[in-house]
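Undergrad: The following comprises the amino acid sequence and a computationally predicted model.
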Amino acid sequence: MSTAAAGHHEHDHDDHGPAKGWTRWLFTTNHKDIGTLYLWFSLVMFFIGGGMALIIRAELFQPGLQLVDPLFFNSMTTMHALVMIFGVVMPAFVGLANWMIPMMIGGPDMALPRLNNWSFWIMPFAFTLLLSTLFMEGGGPAGGWTLYAPLSLQGPDSFAFVIFAIHFMGISSVMGSINIVATIFNMRAPGMTLMQMPLFVWTWLITAYLLIAVIPVLAGAVTMLLTDRFFGTSFFNAAGGGDPVMYQHIFWFFGHPEVYILILPAFGIISSIIPTFARKPLFGYASMVYATGSIAFLSFIVWAHHMFTVGMPLAGEMFFMFATMMISVPTGVKVFNWIATMWRGSMTFETPMLFAIGFLVMFTIGGLSGLMLAITPADIQYHDTYFVVAHFHYVLVPGAIYSIMAATYYWLPKWTGNMYDEKWGKIHFWVSTVFLNVLFFPMHFVGLAGMPRRIPDYSMQFADWNAVATIGAFGFGFSQLIFVWVVLKCVKGGEKATDEVWEGAEGLEWTVPSPAPYHTFEKPPAQFS
């Protein structure tokens, strides 16, 4: 660990020595403390968002209206998505970036430490504001996470608070991204070129640029909603000469790069873990960097594939169909490179590697159903059915969430100095994976049979698979308690982690004659030291 970073507390309160107790966490400018705050915040929000998902699944356990009224059900689908995207996945990735990027590039800290503190502390206030709308008159937002006009414009007055909260989240994201870009360009160890950076650093650099580019677009879209709703403008109101489809164009110009913001850092994590447990350098480093850049560029020109049913001209539909199918090429390059890295490697299957392989298999399933959705005539059939829900949950849960868990298990020994409980880590992986597939795979079937998404009641023919999915949901949700227990146990103590963290790593030879990658700042295997 960087000694400069480890001794960084001294600079928090120069006059009084290191800060103690809660003030340490409130005023800290240390990248490790702020990374830790982000990760704990993300974990709390994960259970709040997960609770909302369980309310949704409990209502859908059987046909009819059992538990909640339809408006509250719609609030749950809206809030679940906003919490999971802006409150879980993005803060967790920013937390990992805070912890790891300075250490990976050999810098003492983040470039803008006070901005770093501010960009974290905005988040709890933003989400308190967002969640408080559930207790206001008329309830929370119920227009879906996309907040489509004109539906969202008919909601309760609490809608203004939702928009205010989204602005807060956006400010936090943009500041965090500026900090990451400044850090990567200005704080690298002497002699480290861009093409020598670990892939996690590269994926975050590209993600930070995406965030800086698209968050203001979201801010513009929701501000136009705000003025339509409260100030009498007609951006999206057809009666006043506006166009509700224009909202969809603006929203998805943010929303499509956003889905890559939610997955690119995961690619960087997986590119760190697979080479470690295959005991080989990553296959095709440069092609991985270029593939990440290509995905980021293409993500800006495919937004309207979310809108194949709005009545676009045929030429527009063709363009967006082919552009979307092109994204599968760099993504395929990545999957190929990860498999090639594992090929003939001396693999062991510790918990981080299990999550990485789980990521690879299930993310690919989500990618293939995404390719199906890219095809215009097919998408017109699948649109707004549970097939779409199955698709994006296969990308985001085993994609984003699994990679965050993989990173947590992988770096916990580095963060805490203690080894986590390997047996319970593996149990967590297997129980989660079984229930995850029980939860999301049946959604493909009900979706192809025509079950629409975002509704609290459904026709009798969908009952069986919905019951199966709900059982999977509760199993998956409660199995995450194992994760919390393993993390808490590791933070509190346990056997000390050695230089050779992963047991048996000393005796395994690398299967390639090349030296250890020169940019990992970890102890290389014994043969090369």
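TA: Structure received. Residues are numbered from 1 along each chain as shown.
Undergrad: how far away is the closest residue to Ala238 other than its chain neighbours from Gly493?
TA: Leaving aside its sequence neighbours, Ala238 sits nearest to Pro244 (CB to CB, 6 or more residues apart in numbering; 6.4 Å). For every residue, glycine as well, the C-beta is placed using N, CA and C. Distance of Pro244 to Gly493, given as CB to CB, to the nearest Å: 57 Å.
Undergrad: on that earlier part again, the residue nearest to Ala238 against Ala149, yeah?
TA: Yes: Pro244 sits in contact with Ala149 when judged by CB atoms under 8 Å, with a separation of 4.9 Å.
Undergrad: overlap in contacts of those two?
TA: Taking CB atoms under 8 Å, 6 or more residues apart in numbering as the criterion, Pro244 and Ala149 both touch 236-237.
Undergrad: the more surrounded of these two?
TA: When Pro244 and Ala149 are compared for neighbours, Ala149 comes out ahead with 26 against 17, by other CB atoms under 10 Å.
Undergrad: Am I right that that one is in a strand?
TA: No: per DSSP: H, G, I helix; E, B strand; the rest coil, Ala149 lies outside any strand segment and is coil.
Undergrad: For the one helix or strand Phe441 maps to, name the packing helices and strands.
TA: Here Phe441 sits within helix 422-448, counting by DSSP states H and E. In terms of contacts (3 or more CB pairs under 8 Å, 6 or more residues apart in numbering; DSSP states H and E), helix 422-448 is packed against helix 351-374, helix 386-395, helix 463-492.
Undergrad: Could you point out which of the ones you listed sits nearest Ile404?
TA: Each of the helices and strands packed on helix 422-448 has some distance to Ile404 by CB to CB; the shortest is helix 351-374, at 9.1 Å.
Undergrad: Would you mark the buried spots in that closest one?
TA: Neighbour-count burial for helix 351-374, counted by 16 or more other CB atoms under 10 Å, picks out 351-360, 362-367, 369-371, 373-374.
Undergrad: ditto for stretch 20-34
TA: By neighbour count with 16+ other CB under 10 Å, stretch 20-34 contains the buried residues 25, 28-34.
Undergrad: What is the nearest of those residues to Thr433?
TA: For the buried residues of stretch 20-34, the nearest to Thr433 is Lys32 (30.6 Å; CB to CB).
Undergrad: what helices or strands is whatever helix or strand Trp121 lives in leaning on?
TA: In this assignment (DSSP H and E), Trp121 forms part of helix 113-132. Helices and strands touching helix 113-132, as assessed by 3+ CB pairs under 8 Å, 6+ apart, comprise helix 31-59, helix 70-82, helix 90-105, helix 159-186.
Undergrad: Please work out which of these is packed deepest.
TA: A comparison of the helices and strands packed on helix 113-132 by mean neighbour count, using mean count of other CB atoms under 10 Å, puts helix 90-105 on top with a mean of 26.
Undergrad: Give me the helices and strands touching it, please.
TA: For helix 90-105, the packing partners by 3+ CB pairs under 8 Å, 6+ apart come out as helix 31-59, helix 113-132, helix 159-186, helix 199-230, helix 264-278, helix 402-416.
Undergrad: how about those helices, which one is nearest Asp457?
TA: If you check each of the helices and strands packed on helix 90-105 against Asp457 by CB to CB, helix 31-59 wins as the nearest, at 8.5 Å.
Undergrad: as a whole number, average confidence for the closest one?
TA: Confidence for helix 31-59, expressed as mean pLDDT, is 97.
Undergrad: tell me the angle of it relative to helix 402-416?
TA: Note on geometry: by axes from the mean of the first three to the mean of the last three CA atoms, to 10 degrees, helix 31-59 and helix 402-416 are set 140 degrees apart in direction.
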